[in-house]
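Trainee: Sequence unavailable; structure follows:
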């Protein structure tokens with residue numbers, strides 16, 4: 001048994017998780033690698049092969065690195081639990097006219113719980129992943145903060161992790177820039193990893209065609225949604241669309257309608273199968289409500305708490321004031337935020353620290 005402890009490392013076969021495993025192994029931890037099979041794309045059609053965490057080549061790459069460096073590696077099949085929680089939610093949210101974030105759902109409800117379950121079975125004290133973020137303990141709470149590489153920071157997708165998970169989690173890459181990790185891969189003898197392209201698609205939609213995915217997985221969707229209408233904010237009919245789930249708030253391209261000026265999706269009504277189009281300014285709102293809140297830095301939010309709030313992964317954030325509204329959090333932006341999309345995550349920051357986060361319920 002290593003004096004440093006035993007750690008279960010989630011290994012996708014990509015550069016980040018591989019470097020984490022090798023780094024911890026070199027530092028003297030007793031490392032066990034684990035790769036999670038979340039999705040079998042071949043069973044659902046599509047135009048591309050499996051990618052990312054579901055690619056057989058990636059499984060082999062992860063195993064080869066573990067074998068070469070002399071630590072165990074396992075593959076676990078979590079397709080059933082992943083499908084129940086993540087894929088069903090993905091479909092339900094689009095069919096409800098909202099825009100889901102499956103990576104947050106996976107982290108919050110599946111990936112970490114699956115890792116912790118296996119860590120306990122293997123007597124591992126810690127679990128580790130290749131996310132670019134940091135964790136520290138302060139005032140008896142475990143706090144997520146941004147990684148130092150702002151271009152790679154992934155604290156936004158980790159807001160749903162509860163304290164029991166954070167207390168067992170290591171995020172070794174939070175204090176490194178991506179360029180340093182690429183150099184580490186080369187130094188460890190894996191120059192091909194340093195050149196490996198990164199996948200930003202949803203793992204179960206590797207062709208990046210979520211509309212095609214919905215059509216393959218929602219029986220009779222085209223017939224059910226036939227005759228949907230584009231309308232303006234006053235209800236005036238502008239034309240027909242191909243079904244409300246195939247559009248997202250803020251969308252401008254691919255609307256297949258010509259109005260003589262740029263048009264943006266500003267609202268979606270699943271009950272009437274209508275999609276509201278408007279000007280870019282119509283996307284600007286200064287209030288929203290956030291539900292399913294998970295607190296990280298504090299155990300509650302005091303009314304009037306000031307925060308920087310991000311409403312999407314690549315959002316730079318907007319200054320806002322937070323208020324308790326029952327189990328929800330009301331967000332009042334100092335200046336208008338653009339493209340508030342129900343179903344997406346809202347994450348509250350204090351400096352670099354994550355105060356907490358939740359799911360956008362509605363704009364106000």
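Mentor: Yes, it's here. Predicted model only: the values in this text are computed from it and were never measured.
Trainee: what's the burial count for the nearest residue to residue 191 once chain neighbours are set aside?
Mentor: Once flanking residues are discounted, residue 191 sits nearest to residue 185: 7.1 Å by Cβ to Cβ, 6 or more residues apart in numbering. C-beta here means a position set from N, CA and C on the backbone, and glycine is covered the same way. Neighbourhood size, residue 185 [other Cβ atoms under 10 Å]: 22.
Trainee: before we move on, what SS does residue 185 have?
Mentor: Here residue 185 is recorded as helix under DSSP: H, G, I helix; E, B strand; the rest coil.
Trainee: which ones are touching it?
Mentor: By Cβ atoms under 8 Å, 6 or more residues apart in numbering, residue 185 lies in contact with 15, 18, 19, 191, 193, 194.
Trainee: Out of those residues, grab the one that's most surrounded.
Mentor: residue 18 (29 neighbours).
Trainee: Settle this for me: that residue is touching residue 64, isn't it.
Mentor: No: with contacts counted by Cβ atoms under 8 Å, residue 18 stays clear of residue 64, the gap being 9.7 Å.
Trainee: didn't residue 96 look like it was pressed against residue 271?
Mentor: No: under the criterion of Cβ under 8 Å, residue 96 makes no contact with residue 271, lying 9.9 Å away.
Trainee: more neighbours, the two?
Mentor: Neighbour count, other Cβ under 10 Å: between residue 96 and residue 271, residue 96 has more, with 15 against 8.
Trainee: quick one: pLDDT of the more buried one?
Mentor: The model reports residue 96 with a pLDDT of 96.
Trainee: Just give the closest residue to it, not the sequence neighbours.
Mentor: Excluding the flanking residues, the one nearest residue 96 by Cβ to Cβ, 6+ apart is residue 270, at 5.8 Å.
Trainee: How about residue 300?
Mentor: That would be residue 324: by Cβ to Cβ, 6+ apart, it lies 7.9 Å from residue 300.
Trainee: Show me the helices in this structure, by range?
Mentor: 15-26, 56-69, 79-82, 88-95, 102-105, 112-121, 163-166, 178-187, 191-195, 210-217, 221-224 (DSSP state H).
Trainee: would JSON lines of those with distance to residue 308 be doable?
Mentor: Output for those, formatted as JSON lines (distance: least, Cβ to Cβ, whole Å):
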{"stretch": "helix 15-26", "distance to residue 308": "26"}
{"stretch": "helix 56-69", "distance to residue 308": "35"}
{"stretch": "helix 79-82", "distance to residue 308": "32"}
{"stretch": "helix 88-95", "distance to residue 308": "25"}
{"stretch": "helix 102-105", "distance to residue 308": "18"}
{"stretch": "helix 112-121", "distance to residue 308": "25"}
{"stretch": "helix 163-166", "distance to residue 308": "21"}
{"stretch": "helix 178-187", "distance to residue 308": "23"}
{"stretch": "helix 191-195", "distance to residue 308": "33"}
{"stretch": "helix 210-217", "distance to residue 308": "29"}
{"stretch": "helix 221-224", "distance to residue 308": "38"}
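Trainee: Out of those helices, which is closest to residue 296?
Mentor: Nearest to residue 296 among the helices of the chain is helix 163-166; the distance by Cβ to Cβ comes to 7.5 Å.
Trainee: Can you check the pLDDT for the residue nearest the centre of the chain?
Mentor: In the chain, the centroid-proximal residue (Cα atoms, centre = their mean) is residue 103; its distance is 3.0 Å. For residue 103, the pLDDT comes out at 90.
Trainee: quick one: it from residue 284, how far?
Mentor: Plainly put, residue 103 is 27 Å away from residue 284 if you go by Cβ to Cβ, to the nearest Å.
Trainee: repeat for residue 138
Mentor: Between residue 138 and residue 284 the distance is 36 Å, computed by Cβ to Cβ.
Trainee: Neighbour count for those two, which is higher?
Mentor: Neighbours around residue 138 and residue 284, counted as other Cβ under 10 Å, are more numerous at residue 284. The numbers are 15 against 9.
Trainee: How about the contacts made by the more buried one?
Mentor: So residue 284 contacts 336, 337, 338 (Cβ under 8 Å, 6+ apart).
Trainee: Just those residues: which are in strands?
Mentor: Counted as lying in strands by DSSP state E, out of those, are 336, 337, 338.
Trainee: any low-confidence regions in this structure?
Mentor: Low-confidence segments of the chain (pLDDT under 70): 1-2, 40-56, 199-201.
Trainee: mind giving me the domain ranges of it?
Mentor: Domain ranges of the chain: 6-130+171-195, 225-278, 282-363, per automatic domain parsing.
Trainee: Could you work out the end-to-end span of the first one for me?
Mentor: Using Cα to Cα, to the nearest Å, one end of domain 6-130+171-195 lies 30 Å from the other.
Trainee: chain center to it, what's the gap?
Mentor: Between the centre of domain 6-130+171-195 and the centre of its chain there are 14 Å (Cα atoms, centre = their mean, to the nearest Å).
Trainee: Same question for stretch 268-282.
Mentor: With Cα atoms, centre = their mean, you get 25 Å for stretch 268-282.
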